[in-house]
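Trainee: next come a sequence and a model predicted from it.
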Amino acid sequence: MDELNKNQVTEEEMNDAEEVIKETVDANSQDKITEDDIDQINDEANEEFDKMFDNGEMPDFSELFGSLFGGGNPLEEPILTVEKINKEVDLPKYAHPGDAGMDVCASEMVCIRPNDWKLVHTGIKVAVPEGFEMQVRPRSGLALKHGITVLNTPGTIDSGYRGEVGVILMNHSDRDFTVKKGDRIAQLVIAPVISVRVIEGEVDKVTERGEGGFGSTGVESKKEETTNDSAGTEEPSKEV
């Protein structure tokens with residue numbers, strides 16, 4: 001580490017490395033690229049980074065990441081911007097440290113009849129960070145105690161959506177259920193999104209599963225045979 005700190009990485013070297021990485025990203029985004037092209041780009045990038053590490057200290061990658069990934073270090077904590085349409089509602093928040101979902105509250109009173117569903121407004125708009133989605137999931141307490149769940153679970157809010165967040169609640173019980181203003185009605189989970197490039201081609205069917213689907217593996221668990229050492233015979237394991 002001491003040897004790395006002898007010299008500062010020059011701005012020209014940083015710019016050279018940045019240009020190589022940009023070329024890598026641009027090249028990989030093209031419709032057609034050969035493996036030889038990718039290998040050549042990777043070799044050039046490795047050359048530039050080796051030059052930086054040999055001639056100076058470990059560079060600060062935050063600026064480089066920001067230029068490549070839309071203005072921010074992807075290692076930093078994502079920020080969710082929330083706008084209150086209804087000033088009386090609470091912001092979504094985690095109930096406990098480490099929770100995956102934030103509780104979101106209703107901004108209105110709604111009565112849901114048995115086996116019916118309603119769109120419940122939350123009084124907020126959100127700006128989900130690019131590269132992520134917001135999933136709308138049911139709350140376990142409402143599902144267990146009242147048969148209330150999110151109809152299209154998990155609902156998806158894309159990063160480009162700027163309308164009000166609404167939750168479609170379904171009443172699976174045999175009695176009316178009233179949502180009161182301020183009730184916690186769902187959980188909001190932020191999850192990363194991976195985009196793919198779609199191409200047309202033949203799908204390889206030679207897999208262990210093949211075309212089996214829609215219950216092809218059955219419902220009951222398979223009985224496994226165990227060896228009875230004392231009797232010297234094999235008996236099926238007991239189901240519990």
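Mentor: Received it, and whenever you're ready, just let me know what you need. Values in this document were obtained by computation on a predicted structure and should not be read as measured data.

Trainee: and the strands in this structure?
Mentor: Taking DSSP state E as the criterion, the chain carries its strands at 81-84, 102-105, 110-112, 117-127, 132-137, 148-150, 155-157, 164-171, 177-179, 184-192, 225-228, 233-236.

Trainee: contacts for the second one next, please.
Mentor: Contact with strand 102-105 is made by 89-90, 92-95, 122, 124, 136, 139, 165, 167, 182-189, as judged by Cβ atoms under 8 Å, 6 or more residues apart in numbering. Placement of C-beta: from N, CA and C, glycine included.

Trainee: please indicate which of those are buried?
Mentor: 89, 92, 122, 124, 136, 139, 165, 167, 184-188 (16 or more other Cβ atoms under 10 Å).

Trainee: flag the least confident of those.
Mentor: Within the buried ones among the contacts of strand 102-105, pLDDT reaches its minimum at Val89, with 94.

Trainee: tell me the contacts of that one?
Mentor: Cys105, Ser107, Thr122, Gly123, Ile124, Gly182.

Trainee: could you redo the last one with a cut-off of 7 Å?
Mentor: Cys105, Ser107, Thr122, Gly123, Ile124 (Cβ atoms under 7 Å, 6 or more residues apart in numbering).

Trainee: got it, and Ala106?
Mentor: Residues counted as contacts of Ala106 (Cβ under 7 Å, 6+ apart) are Val120, Thr122, Val179, Lys181, Gly182, Asp183, Ile185.

Trainee: just give the closest residue to Thr122, not the sequence neighbours.
Mentor: The shortest distance from Thr122 to any non-neighbouring residue, by Cβ to Cβ, 6 or more residues apart in numbering, is to Val165 (4.6 Å).

Trainee: residues contacting the one you found?
Mentor: By Cβ under 7 Å, 6+ apart, the neighbours of Val165 are Val104, Thr122, Ile124, Lys125, Val126, Ile157.

Trainee: of the strands of the chain, which is nearest Asp36?
Mentor: The closest of the strands of the chain to Asp36 is strand 184-192. By Cβ to Cβ, the value is 31.0 Å.

Trainee: what does that closest one contact?
Mentor: Residues contacting strand 184-192 (Cβ under 7 Å, 6+ apart): 78, 80, 92, 100-106, 120, 131-139, 150, 167, 169, 179.

Trainee: can I get the buried part of those as one ChimeraX selection?
Mentor: Remark: buried members of the contacts of strand 184-192, expressed as a ChimeraX selection using 16+ other Cβ under 10 Å:
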select :92,101,102,103,104,105,106,120,132,133,134,135,136,137,138,139,150,167,169,179
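
Trainee: mind listing what's buried in the helix ranked longest in the chain?
Mentor: Assignment by DSSP state H gives helix 35-55 as the longest helix of the chain. Buried residues in helix 35-55, counted by 16+ other Cβ under 10 Å: Ile41, Glu44, Ala45, Glu48, Met52.

Trainee: could you do stretch 167-181 as well?
Mentor: Val167, Ile168, Leu169, Met170, Asn171, Phe177, Val179.

Trainee: please apply the same query to stretch 115-124.
Mentor: Trp117, Lys118, Val120, His121, Thr122, Gly123, Ile124.

Trainee: which two in those are spaced the farthest apart?
Mentor: Farthest-apart pair in those is Trp117 and Ile124; separation 20.7 Å (Cβ to Cβ).

Trainee: coming back round to it: make TSV out of the strands of the chain and add distance to Val206.
Mentor: Shown next, in TSV, are those (distance: least, Cβ to Cβ, whole Å):
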stretch	distance to Val206
strand 81-84	48
strand 102-105	44
strand 110-112	49
strand 117-127	43
strand 132-137	33
strand 148-150	39
strand 155-157	33
strand 164-171	41
strand 177-179	50
strand 184-192	31
strand 225-228	29
strand 233-236	32
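
Trainee: quick one, which of those strands is nearest to Glu208?
Mentor: Nearest to Glu208, of the strands of the chain and by Cβ to Cβ, is strand 225-228 at 21.2 Å.

Trainee: nice, that's everything, thank you.
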